[in-house]
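*Asks:* Next come a sequence and a model predicted from it.
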Amino acid sequence: MKIAMGSIAVTLLIGLPSLMLHAANPRMTDKAASALAMRAPVITDAWVRATVPGQPVGGAYMKIDSTTPATLVHVETAVAKEVQVHAMHMDNGVMKMREHGQLAIPAGKTVELAPGGLHLMLLGLKQPLKAGDTISLKMTFIDANKAKTTSVIKAPVRPIGQ
Ligand SMILES: [Cu+2]
């Protein structure tokens with residue numbers, strides 16, 4: 001029962017903004033209304049680093065821009081069991097990484113995921129990532145009103161050492 005109630009609430013939340021847009025702009029087309037309601041962050045320069053056979057994890061890197069505040073809440077890919085946002089930190093002079101959790105994307109400020117800094121960690125790789133291949137990453141963001149947007153992006157695999 002609780003689950004059923006929850007999903008009704010979610011449906012209402014997602015449905016409301018577009019209803020409100022239609023009410024405020026009766027002549028607005030459905031296409032324009034949905035474009036306004038879904039301002040997904042823009043992802044550029046996505047890539048992943050090639051792995052050697054047996055390597056259990058891989059790194060994915062990209063630039064994320066958003067015109068409105070957004071939060072990256074979930075990433076998944078067919079080639080790994082799990083994807084986490086990782087941050088690097090110094091621990092007694094040794095560079096280590098840890099799970100960062102949800103990643104805030106401020107409005108108008110590029111968030112860069114790059115080697116040596118924030119990155120996506122692909123955990124439990126199901127196959128080696130081969131240079132020249134391309135993988136898909138499904139990125140889910142929420143905006144300030146908790147409305148979800150999902151982008152499927154392609155990330156080419158670059159050779160080890162780049
Ligand atoms: Cu990592």
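*Replies:* Perfect, I can see it now.
*Asks:* Relative to G108, how far out is the residue most central in space within the chain?
*Replies:* In the chain, the centroid-proximal residue (Cα atoms, centre = their mean) is M139; its distance is 3.2 Å. To G108, M139 is 19 Å away according to Cβ to Cβ, to the nearest Å. Any C-beta I mention is one placed from the backbone N, CA and C, and that applies to glycine too.
*Asks:* before we move on, what SS does P128 have?
*Replies:* The assignment at P128 comes out as coil when based on DSSP: H, G, I helix; E, B strand; the rest coil.
*Asks:* Surely it touches P53?
*Replies:* Yes. Using Cβ atoms under 8 Å, P128 makes contact with P53 at a distance of 5.0 Å.
*Asks:* Of the two, which one has the most company?
*Replies:* P128 (15 against 8; other Cβ atoms under 10 Å).
*Asks:* Next, the contact list for the more buried one, please.
*Replies:* 50-55 (Cβ atoms under 8 Å, 6 or more residues apart in numbering).
*Asks:* Can you add secondary structure, pLDDT and distance to the ion and give these back as a markdown table?
*Replies:* Converted to a markdown table, the contacts of P128 look like this (DSSP: H, G, I helix; E, B strand; the rest coil; pLDDT from 0 to 100; distance: Cβ to the ion, whole Å):
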| residue | secondary structure | pLDDT | distance to the ion |
| --- | --- | --- | --- |
| A50 | coil | 97 | 16 |
| T51 | coil | 97 | 13 |
| V52 | coil | 94 | 16 |
| P53 | coil | 91 | 20 |
| G54 | coil | 91 | 18 |
| Q55 | coil | 94 | 13 |
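*Asks:* Would you mind checking those for buried ones?
*Replies:* 50-51 (16 or more other Cβ atoms under 10 Å).
*Asks:* Which of the contacts of P128 sits closest to D91?
*Replies:* Closest approach to D91 among those (Cβ to Cβ): Q55, at 22.6 Å.
*Asks:* Spell out which residues of the protein are next to the ion.
*Replies:* 86, 97, 121 (Cβ under 5 Å from the ion).
*Asks:* now, which of those lie within strands?
*Replies:* 86, 97, 121 (DSSP state E).
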